[in-house]
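[1] This is the structure alone, sequence omitted:
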């Protein structure tokens, strides 16, 4: 029933290649099927003004799409003079989500910026960005630990995200673009490795959903996140 | 236990005054305790390019805060040269939420813009904007119906929104600012009158939440939305 | 002869409600007939760079119109990316006018920002902003005096403003929108309580005016300002 | 008593050199003492949207200062990303003033843009721009008449402007920069050749003025405008 | 002598992987040593206004750097609100260079936009963008030819680019970043396959150069371009 | 053969009038035929952040065109909200070129900003800006030397620039606009007085060029620069 022939509760193939650029402190290229996102984590000396002198660290994120990551070319945000509303929403979400897995005291007064740049889009780019962004963050933090710059690990747990939705009347896991563009209801579910939730965003366009349906999607999301966490841990260990 | 002395499941006092400006096709001033939002609905001839010729209508929203609606003066967005990320997120949410209660075929090829301007803020401005925005929309649509410009009612159901959160370890309904600034977990719940959900946004900062906690907040939200729908209907009937 | 039926030298009904928002140090809602402007005065620690260390205070103003304050919806300046020329002109005028009534030495090195936001427009919004802005400023300064932060009153005199013009060949006082949009000549007159002038702006579009006509308008303006000062004093005393 | 040694009612030396650029339909370099403004009038095919099809013409103006026209270098507005409030105010004033002398029916559906660029500033640049701008406009209109593109002269009268102020307690004509920066009260007076007024802008900073003082400045302005009109007519006739 | 140990006239290893994204009509990932640029060619229906109806085609380019393509993170141009001067210069150069190899009549009235996004930077990104951009363009044009949308090949010749400079007193071919940051003189040389030149940009910072030195760099550039053209042809044929 | 009747290797008449504005530390009006550029050099206390404390000086440039310097009116960059790509390219070139003739140690930690504003354009404005900009710079530096603020001359050599191109198949010197708009190949050549090169920019549009042609243009440029340096020296000595 799904355009890709997947089972209702079947994820796309996940691949996470680490250390893909020589400059960033941590990096990976995450592929969720045909959605490809390059994630880099940059350690920066400067911290935002509101935490100067607090001893606390900060993790933030930025998101972008290459102009031809999509099926028709999008205008480059640098030429339109600002980041669009969707971009801003997504990068705020990525930052909030990653921070939920960080002990900011243990990180100390330093900032890590996670950049998520979509090379190729096929649905679910914000979830892939969070999942891949955490891997880049993990690798950058590992460098700090290895160098002895920090002594206790500030990463409490992996953070991963998956989208689910109601497609053709059925709850499905990990929407690709053909599903996403048809689904009347979809959601993004961001969780820790133990299933505790960080953020839940469900939304309907031209439809509504019941609590029963919401629970079905949450069940799928828990399954998906567990698989993503396994992929994250394998990638980091490699 | 709550700073305001309210019960855990007790809303702030709600007041909705209608027809507060002479120019707008529909308007109201909604007060959720000390949160005051002026909502106007403007009927416009022009429709966005992507629906020209489709016969479908469009409802969109814009959101703003007066500079001194908050406890310390905020910079005016018109002088900083753009709407901030939070503003854009909120106005996209208001627009999506209101459209979920609209039959765009019945509305016909016309646009209604709902402006929500916060006169005084004390938490929950986006939810108040949706609830009040629907009243302004209802009044504007009533004019179209009365004038015979449309013949079947495009408004399927009231749309209302409330925030809930975990404050001092307890699930509470309708957060005010002192609660909102302390709550580790909070959410915005947008529903139709019958409890069907349009959008669910739960988010944690420096905390996480379980499915059990999520369900407690949903229970509170259902209670709150029911009360808000009653207030909307009373205001429109007045 | 006037669309409103008023006498040539008759003002619209003036109402000034004070302390209308809980956050601002001073505030009022001024109504000149159907022109309604919310004025707030915000005391701010920071002073502009050019007076740092001078011991002098500063009073400045910002002006905005809600999108549906007008008969057809205006584009929100925050979305168009800048304040228009008219807005900038008006807020510079409000600031200059209010400063003319301030002893900046007595105020001491602090800034008060007066925000004037038009809720509903029916002509004369800049004059209403000055008149109401002074009331908000007065209330904020009263707080400073009461708290003992300053010891001598920095407000030299009330400052009030009224527009006059030549409508249908006759000099008229306090133009409303139907008059303003037809008048070939109009002016804004800003004065102290004793009639000394702060600013005079007369302008013709598709017409010119003689010195005799200018004097007739000045006579009307003196009458109007006297009535406005009485209303300001009554509001502050209330 | 005046820094320049001029009499109270004495203008600076005025010089108007015409046809100073080969591209513009009309142009002049006006010098009011050390204030030098290059004015060009450009005939354009496109008209603003609000007059399309009306048969009426339009005259508009833009104003700029070269970065080192002033005693310390100013930031170039093209690099700061927008025209400042003062620039916008001035160019709106120039446009309004020139239009007051134009019969827009006789001009026909075409636009003339008058650019006033300050090469060297020493006070009174907006007045010099209006006076010189009219000469550029006159020359451009002469070309239209000569070519037979229009048959009746759309220019009703010369338009000229001068500033006056109260300097060291005395009313003085045609303020230069040392006077302007000290004067507590000053004004710009824009008139037709017959002394009918188009715009009067009087303003006080740290001072106020009486009607008697206002009348003294108006007397000076009438004298100044008469001299400027003579200079305009001599320049055009040359 | 060179930091990389290369001979003076030795290029970095060149690799061009084609068809790297599923959406673009043509694409490649070009690697010049550690400089990696993703190039996509997008066929677009719309043409710029200045060629509408002319029957001529257009090729244009845009350039960007991912924030962490460099050794310290750069600010994202989309957040700074505009493309910097360097970016604009480079993308204009890429567009001009590619157009020099295009028969715009044979292309017909269509536009191809070549996006060059730097994934990892180590000197010479603009030259790599031109060389890789031509491959993406070639692949996109091949699709048009294969589909029969055009009948004669609009690509006259490969276009390739290489930088040369004077490093430590010696002329060297294909500067990497350590060389580029030290070289007092460097140049970019863009040529057709037959060595005819399209653009020559030589520039000195804190130094100058003689005609003899210029000729030495041109000799190196001819060698480099010949090797790049061979790599382009191999990649396209693969 | 040339539209102007000049010989292939004949420059336009060059005139350099110095000290044309009273405010700038150095200034000139350079005319290359009908191309007129006003150049001012402003000495500024502030230095860019990247040289603070280094003891080194900085020379930078800005470039602008008056709206009606061209045959049809151009939009003012201050109103379009940014400097266009061409403007940015040109002012970066002017700054780089002038710095090549400056001993930044001898200049000491101060900045000189050279503004080049095109009053009338007829081709070659960037070259005229460099040549005239150097004269303004020379005059400003002379003031520093005369005042004893610096003791050794930081200007190593005059810097001058000329354009050459292939017009109607022939190499020609100092292109005017009618030639420039037709030439398939043109270049800008910036040199010291001794013929050492600072920057070479050759570019083809719809054509290519051989090394032999490049050499012909270089020969012409050497002749042109020698004549320009003579004119610079005469102007400064006057």
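    Thanks, I have the structure now. Because the structure is predicted, anything quoted here is derived from the model rather than measured.
[2] mind checking which helix or strand of chain A has the lowest mean pLDDT?
    Lowest on mean pLDDT, DSSP states H and E among the helices and strands of chain A sits helix A:77-80, with a mean of 84.
[3] Just confirm yes or no for that helix near chain C.
    No. Using Cβ under 8 Å from any Cβ of the partner chain, helix A:77-80 never reaches chain C; the gap is at least 11.5 Å. For every residue, glycine as well, the C-beta is placed using N, CA and C.
[4] tell me the strands in chain A, going along the chain?
    In chain A, the segments counted as strands under DSSP state E are A:14-18, A:26-32, A:35-44, A:58-65, A:111-120, A:159-167, A:170-173, A:185-192, A:197-204.
[5] Any part of the least confident helix or strand of chain A near chain E?
    Yes. Using Cβ under 8 Å from any Cβ, helix A:77-80 comes into contact with chain E via A:77-79.
[6] and that helix, what does it pack onto?
    helix E:77-80 (3 or more Cβ pairs under 8 Å, 6 or more residues apart in numbering or on different chains; DSSP states H and E).
[7] got a pLDDT number for the residue of chain A most remote from its centre?
    Computed with Cα atoms, centre = their mean, the residue of chain A farthest from its C-alpha average is residue A:53, at 29.5 Å. pLDDT recorded at residue A:53 is 92.
[8] How about it: what's its closest non-neighbour residue?
    residue A:109 (7.8 Å; Cβ to Cβ, 6 or more residues apart in numbering or on different chains).
[9] chain center to the least confident helix or strand of chain A, what's the gap?
    23 Å (Cα atoms, centre = their mean, to the nearest Å).
[10] So which residues on chain A come close to chain B?
    A:82, A:85, A:88-89, A:92, A:96, A:99-100, A:187, A:192, A:196-211, A:214, A:218.
[11] Now, of those, which are buried?
    A:82, A:88-89, A:92, A:96, A:99-100, A:187, A:192, A:196-204, A:208-209, A:214, A:218 (16 or more other Cβ atoms under 10 Å in any protein chain shown).
[12] Pull out whichever of those are also neighbours of chain E.
    Within these, those near chain E by Cβ under 8 Å from any Cβ are residue A:82.
[13] in chain A, which segments are predicted with low confidence?
    Across chain A, no stretch falls below the confidence threshold (pLDDT under 70).
[14] Which one of the residues in it is closest to chain D?
    With Cβ to the nearest Cβ, the shortest gap between chain A and chain D falls at residue A:81, namely 9.8 Å.
[15] Surely that residue is in contact with residue E:83?
    No. Using Cβ atoms under 8 Å, residue A:81 is not in contact with residue E:83, being 9.1 Å away.
[16] show me the contacts for residue A:56.
    Counting by Cβ atoms under 8 Å, 6 or more residues apart in numbering or on different chains, residue A:56 makes contact with A:104-105, A:107-109.
[17] Counting neighbours, which of those residues comes out on top?
    Tallying neighbours with other Cβ atoms under 10 Å in any protein chain shown puts residue A:107 at the head of the contacts of residue A:56, with 23 neighbours.
[18] Please tell me how far it sits from residue A:198.
    17 Å (Cβ to Cβ, to the nearest Å).
[19] Residue A:181 too?
    Distance of residue A:181 to residue A:198, computed by Cβ to Cβ: 26 Å.
[20] repeat for residue A:22
    Applying Cβ to Cβ to residue A:22 and residue A:198 gives a distance of 32 Å.
[21] so where's the longest helix in chain A?
    Using DSSP state H, we find that the single longest helix of chain A is helix A:211-237.
[22] List the contacts of residue A:206.
    A:184, B:99-100.
[23] same question, residue A:214
    Listed by Cβ under 8 Å, 6+ apart, the contact set of residue A:214 reads A:187, A:202, B:197, B:200.
[24] Show me the two of the residues you listed that sit farthest apart.
    A:187 and B:197 (10.5 Å; Cβ to Cβ).
[25] Find the residues that touch each one of those two.
    A:202, A:214.
[26] Contact residues of chain A facing chain D?
    So chain A never meets chain D (Cβ under 8 Å from any Cβ).
[27] Run through the residues of chain A sitting next to chain E.
    Residues of chain A lying near chain E (Cβ under 8 Å from any Cβ): A:21-24, A:27, A:34, A:38, A:40, A:42, A:44, A:62, A:64, A:66-71, A:73, A:76-79, A:81-83, A:87, A:113, A:115, A:117, A:119-120.
[28] ok, of those, which come out buried?
    Buried among the residues of chain A next to chain E by 16+ other Cβ under 10 Å: A:21, A:23-24, A:27, A:34, A:38, A:40, A:42, A:62, A:64, A:66-70, A:73, A:76-79, A:81-83, A:87, A:113, A:115, A:117, A:119-120.
[29] gap between the spatially most central residue of chain A and residue F:70?
    With distances taken as Cα atoms, centre = their mean, residue A:130 lies nearest the centre of chain A, 1.3 Å away. Relative to residue F:70, residue A:130 is positioned 52 Å away (Cβ to Cβ).
[30] cool, and residue A:134?
    55 Å.
[31] Residue A:187 now?
    56 Å.
[32] Over to residue A:6?
    Distance, residue A:6 to residue F:70, by Cβ to Cβ: 61 Å.
[33] Then residue A:188?
    Distance from residue A:188 to residue F:70, by Cβ to Cβ: 53 Å.
[34] Which strand residues bridge the residue nearest to residue A:130 when sequence neighbours are not counted?
    Among residues not flanking residue A:130 along the chain, residue A:161 sits closest, at 3.9 Å (Cβ to Cβ, 6+ apart). Beta bridges link residue A:161 to residue A:190, judged by DSSP bridges.
[35] got a list of what residue A:106 touches?
    A:57, A:150, A:152-154 are the contacts of residue A:106 under Cβ under 8 Å, 6+ apart.
[36] and which of these is nearest to residue C:48?
    residue A:57 (34.3 Å).
[37] What's the local residue count around the closest one?
    22.
[38] So residue A:87 sits against residue E:76, correct?
    No. The pair residue A:87 / residue E:76 is not scored as a contact, 10.1 Å apart, by Cβ under 8 Å.
[39] Please identify every residue contacting each of these two.
    Counting by Cβ under 8 Å, 6+ apart, the contacts common to residue A:87 and residue E:76 are residue A:64.
[40] Neighbours of residue A:94, how many?
    Look at residue A:94: counted by other Cβ under 10 Å, it has 29 neighbours.
[41] who's the residue nearest to it when sequence neighbours are not counted bridged to?
    Spatial nearest neighbour of residue A:94, chain neighbours left out: residue A:61 (3.8 Å); criterion: Cβ to Cβ, 6+ apart. Note on residue A:61: beta-bridge partners by DSSP bridges are residue A:114.
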